[in-house]
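*Asks:* Sequence and predicted structure are below.
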Amino acid sequence: MLSPIPLPANQPTARPDRGGEGIARFRGTPGPADPFTPEDFVASTTTVHGSPDVGLTTLPDGTLLRDAIAADPVGFLGLEHVERFGADAALLVKLLHTGERLFVHAHPGDDFARSELHEPHGKTEAWIVVDAENDEQAAVAWLGFTRDVTTAEIERWYSSQDAAAMLAAMHRVTLRPGDTLLVPAGLPHAIGPGLTLVELQQPVDLSLILEYVGYPGLTADNALLGLSLTETLPALRTAALSEDELASLRGSTSATDGPIAPLLPMAADPFFAADALTPSPELQLAPRLSILVVTEGSGTLTWSDGQLGLARGMTVLIPHGAGLTTLAGELTAIRARPAPPAAD
């Protein structure tokens, strides 16, 4: 049998945007030496775009998680998962902290990623807010256009790097701890400063960056992953995102939602799933590949031949082969999972 594996921070350095302090506060660790470490790749078999190894998770015994899964895919992922997805974990979980406003960008969908970028996945993602740093405990993001936007407008904004015009044409969304937001591939978006998120995403690092000026390392040559703006436009949703559509992407949870509360709308189901877990006093979890993020309190995770103490900020990989596990204590946690191999 495999055992659950607690994982330390795994934060690639020299990213183009500032951040990382919120991850340190959440984990209860010293702040980062590099101010450009906004992402913590948790249980990652995914590399930073253009790198053969940066971003990969190393297990406590020194083995890359990617290699451990390749050596024992059924043990880590489960037979039904392997029959549907092969040895692909089909999920990347991150902790993300925005030390500044994150640039306006979008992610390609599956078809575009495969045909134009020769990547196996596009990137739909979802955010679960764990902290927001201001007096009102709220922060903002921008998602989708409020009106239909023309090709000429996009070209003008991009050539002049008019971020203010881009943001003015987008929905401004207030986010507080406990809120969730699904971000489908193709939707332009930006994230305001001061947010710490648990992010679920398809396992690639692909961003089509419309706003590159002012971010170290970003230029017109690399912001669109080597594509021209004309080639990029089919990947972007330029049609208006209605208020009803926006509302359908939002969510939140509370302690009254039960011991296992789904966090994401049904539109996330083809990509991944997340639950808020509140044991009372304990909660049994069926065998399934999952990543546990402890958001409050402390407790234990127990399996057939072991037990692990849990505290706020811990991240734990639970392989399918760990079997039935039991979560107990005065705590809350997020369980992130790949899309199910069959309907639940």
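*Replies:* Perfect, I can see it now.
*Asks:* give me every residue that touches residue 134.
*Replies:* Residues near residue 134 by Cβ atoms under 8 Å, 6 or more residues apart in numbering: residue 194. Placement of C-beta: from N, CA and C, glycine included.
*Asks:* For it, give its distance to residue 18.
*Replies:* In this structure, residue 134 and residue 18 are 17 Å apart, going by Cβ to Cβ, to the nearest Å.
*Asks:* Let's verify residue 127: helix, strand, or coil?
*Replies:* strand (DSSP: H, G, I helix; E, B strand; the rest coil).
*Asks:* Was I right to think it contacts residue 181?
*Replies:* Yes: Residue 127 lies in contact with residue 181 (Cβ atoms under 8 Å); the separation is 4.9 Å.
*Asks:* Return every residue with contacts to both of the two.
*Replies:* Common contacts of residue 127 and residue 181, defined by Cβ under 8 Å, 6+ apart, comprise 141, 175.
*Asks:* tell me the domain boundaries of this protein?
*Replies:* Recorded structural domains for the chain (assignment: automatic domain parsing) are 5-252, 260-338.
*Asks:* Just put these in TSV and tack on mean pLDDT.
*Replies:* Below are the domains of the chain laid out as TSV (pLDDT from 0 to 100):
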stretch	mean pLDDT
domain 5-252	96
domain 260-338	97
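*Asks:* So what's the residue count around the nearest residue in space to residue 331 that is not next to it in sequence?
*Replies:* Closest residue to residue 331 apart from its sequence neighbours, by Cβ to Cβ, 6 or more residues apart in numbering: residue 297 at 3.5 Å. Neighbours of residue 297 under the rule other Cβ atoms under 10 Å: 15.
*Asks:* again, but for residue 247
*Replies:* 10.
*Asks:* Likewise for residue 160?
*Replies:* Residue 160 has 10 neighbours, counted by other Cβ under 10 Å.
*Asks:* Surely residue 195 touches residue 22?
*Replies:* Yes: contact criterion Cβ under 8 Å: residue 195 and residue 22 qualify, at 7.4 Å.
*Asks:* Can you give me every residue that contacts residue 108?
*Replies:* Residue 108 touches 116-117, 122-123, 185-186, 206, 208, 235, counting by Cβ under 8 Å, 6+ apart.
*Asks:* Residue 8: which of these is nearest?
*Replies:* residue 123 (25.0 Å; Cβ to Cβ).
*Asks:* quick one, what contacts the closest one?
*Replies:* Contacts of residue 123 by Cβ under 8 Å, 6+ apart are 107-108, 113, 185, 201-202, 204, 206-207.
*Asks:* Please pick the buried ones from those residues.
*Replies:* 107-108, 113, 185, 201-202, 204, 206-207 (16 or more other Cβ atoms under 10 Å).
*Asks:* just the contacts of residue 123 now: which is nearest residue 47?
*Replies:* Comparing these against residue 47 with Cβ to Cβ places residue 204 closest, at 9.2 Å.
*Asks:* pretty sure the closest one contacts residue 114?
*Replies:* No: contact criterion Cβ under 8 Å: residue 204 and residue 114 do not qualify, at 10.8 Å.
*Asks:* Now for those two: what residues contact both?
*Replies:* 120, 122.
*Asks:* what comes up buried for the longest helix along the chain?
*Replies:* Criterion DSSP state H: the longest helix present in the chain is helix 151-160. Going by neighbour count (16+ other Cβ under 10 Å), the buried part of helix 151-160 is 153-154, 157-158.
*Asks:* In what element of secondary structure is residue 83 found?
*Replies:* helix 79-85 (DSSP states H and E).
*Asks:* Can you name every helix or strand that that helix contacts?
*Replies:* For helix 79-85, the elements it packs on are helix 73-77, judged by 3 or more Cβ pairs under 8 Å, 6 or more residues apart in numbering; DSSP states H and E.
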